[in-house]
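A.B. asks: kindly return the folded structure for what I paste below:
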Amino acid sequence: MSNIRSYKMDNIRSLLIFLVVIGHFFEISGSLKIRYLTEFIYSFHMPVFVFISGYFAKFHPKRIFIGYIYPYVLLQLIYNVFTKYYLNGASNIFIMSMPQFTLWYLLAMAFYCMLIPFITTNKAVLRWIVFAISAVVSIISGFNTGIEYSFAMGRFFTFLPFFVAGHYAKDIALAEKIQGMRIGIKSVCAALLAIAVVVVETVILKSKTVGLNELYGVFAYVKTGDTWHLRVFLMVVGFVWIGFLLFSIPNIKVPLLTVVGQNTFPIYIFHGFFIKILMKNNITHMSALHFFIVTALISVVIVLVFGNKIGSAVAKWGFTGHWITALIDKAKEK
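C.D. replies: All right, here's what the predicted structure looks like:
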């Protein structure tokens with residue numbers, strides 16, 4: 001297992017966090033054309049993000065608490081207060097079981113990391129078996145109408161295979177192996193995967209059964225009217241995109257892009273407030289073109305303002321439990 005910093009993963013993460021932000025803006029538009037763009041983004045951005053999260057995830061109880069559980073509880077409280085008193089929404093301030101907006105990801109990541117001791121193995125056959133089980137569990141979970149938003153279980157199960165695959169990809173140093181391939185082989189693989197991306201995305205955009213409800217990964221099949229076949233197809237779409245990005249994104253330090261990819265947390269926790277505020281102030285009351293331009297510019301600004309070392313430091317000490325461990329360490333020193 002390599003400990004070398006993967007600029008490839010940072011660059012991919014940078015693109016993904018931008019798509020997360022602009023995708024959430026696009027989601028509130030009533031334009032059919034922008035809705036197609038939203039569906040395009042949602043067809044792959046979270047599967048790839050969860051894969052990369054699995055790539056870097058480790059089982060460390062203290063880090064799980066300070067990095068996921070503590071910020072989830074804190075931000076859930078803040079979002080609940082924000083929703084109730086600023087957005088005038090019906091919200092129980094102390095409810096923790098129904099994640100607000102993007103906070104499901106923190107809860108899901110905490111659960112994923114807790115699984116690591118149970119899925120870690122050095123045997124290739126066992127890895128394939130565990131991955132197959134995770135895929136089957138993901139598919140079967142779609143029949144259950146009782147999970148969905150509760151404790152992020154709907155999305156936890158939907159994206160589980162991507163986390164497992166990412167965890168195993170790190171174990172076998174997949175990114176490093178791709179980097180070590182001959183340029184000709186990498187180019188051919190990237191080209192073939194690019195064709196596969198075009199094919200699957202064409203199917204999605206032309207399909208009358210694939211919409212945002214299906215792409216959220218939270219609703220049971222009976223709620224969306226689709227079947228388990230669609231979840232299998234979307235799983236394939238996610239892995240096609242993962243392969244394409246791994247082969248096409250360079251493993252070099254790119255100005256701004258790499259830095260943003262190393263500091264995605266502040267963008268993730270802050271951008272939702274801007275979207276909610278703009279929604280309340282009727283940003284959607286403009287033409288589709290103007291909406292696209294305005295939200296794209298705002299997304300770029302949010303990513304650049306928060307996606308840096310300063311933003312990361314503020315988010316780390318203000319919205320995670322690192323300050324608790326710092327106090328404990330100082331107390332031990334005394």
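A.B. asks: what about the chain, any weak spots by pLDDT?
C.D. replies: The chain contains residues with pLDDT under 70 at 1-5, 90-91, 333-334.
A.B. asks: need the single longest helix in it, by residues.
C.D. replies: In terms of residue count, the longest helix belonging to the chain (DSSP state H) is helix 183-206.
A.B. asks: now whichever helix or strand comes after it: buried residues?
C.D. replies: Downstream of helix 183-206, the next assigned helix or strand under DSSP states H and E is helix 212-215. If you call a residue buried by 16 or more other C-beta atoms under 10 Å, then helix 212-215 has these buried ones: 214-215. All C-beta atoms are positioned from the backbone trio N, CA, C, and that covers glycine.
A.B. asks: go on, stretch 241-261?
C.D. replies: Of all the residues in stretch 241-261, those buried under the rule 16+ other C-beta under 10 Å are 241-249, 251, 257-261.
A.B. asks: do the same with stretch 149-168
C.D. replies: Of the residues in stretch 149-168, those buried under the neighbour-count criterion (16+ other C-beta under 10 Å) are 151-168.
A.B. asks: quick one on the thing from earlier: between all of the buried residues of stretch 241-261, which two are separated the most?
C.D. replies: Pairwise distances across these (C-beta to C-beta) peak at 25.5 Å, for the pair 243 and 259.
A.B. asks: quick one: residues in contact with the longest helix of the chain.
C.D. replies: For helix 183-206, contacts defined as C-beta atoms under 8 Å, 6 or more residues apart in numbering pick out 36, 39-40, 43, 178, 181, 210, 233, 236-237, 240-241, 243-244, 247-248.
A.B. asks: redo that, cut-off 6 Å
C.D. replies: Counting by C-beta atoms under 6 Å, 6 or more residues apart in numbering, helix 183-206 makes contact with 36, 43, 210, 237, 240, 243-244, 247-248, all of which sit outside it.
A.B. asks: what of stretch 109-119?
C.D. replies: Identification of contacts with stretch 109-119 by C-beta under 6 Å, 6+ apart yields 57, 59, 64, 68-69, 130, 156, 163.
A.B. asks: what do you get if the cut-off is 7 Å, keeping everything else the same?
C.D. replies: The contact list for stretch 109-119, computed with C-beta atoms under 7 Å, 6 or more residues apart in numbering, reads 53-54, 57-59, 64, 68-69, 130, 156, 163-164, 167.
A.B. asks: can I get those residues in a markdown table including distance to residue 309?
C.D. replies: Rendered in a markdown table, the data for these read as follows (distance: C-beta to C-beta, whole Å):
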| residue | distance to residue 309 |
| --- | --- |
| 53 | 21 |
| 54 | 25 |
| 57 | 22 |
| 58 | 22 |
| 59 | 27 |
| 64 | 24 |
| 68 | 21 |
| 69 | 25 |
| 130 | 37 |
| 156 | 31 |
| 163 | 27 |
| 164 | 31 |
| 167 | 27 |
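A.B. asks: from those residues, which is closest to residue 218?
C.D. replies: For the contacts of stretch 109-119, the closest approach to residue 218 (C-beta to C-beta) belongs to residue 156, at 9.7 Å.
A.B. asks: verify the stated contact: that closest one with residue 108.
C.D. replies: Yes: using C-beta atoms under 7 Å, residue 156 is in contact with residue 108, at 4.5 Å.
A.B. asks: how close does residue 123 get to residue 114?
C.D. replies: As for residue 123, its distance to residue 114 is 22 Å (criterion: C-beta to C-beta, to the nearest Å).
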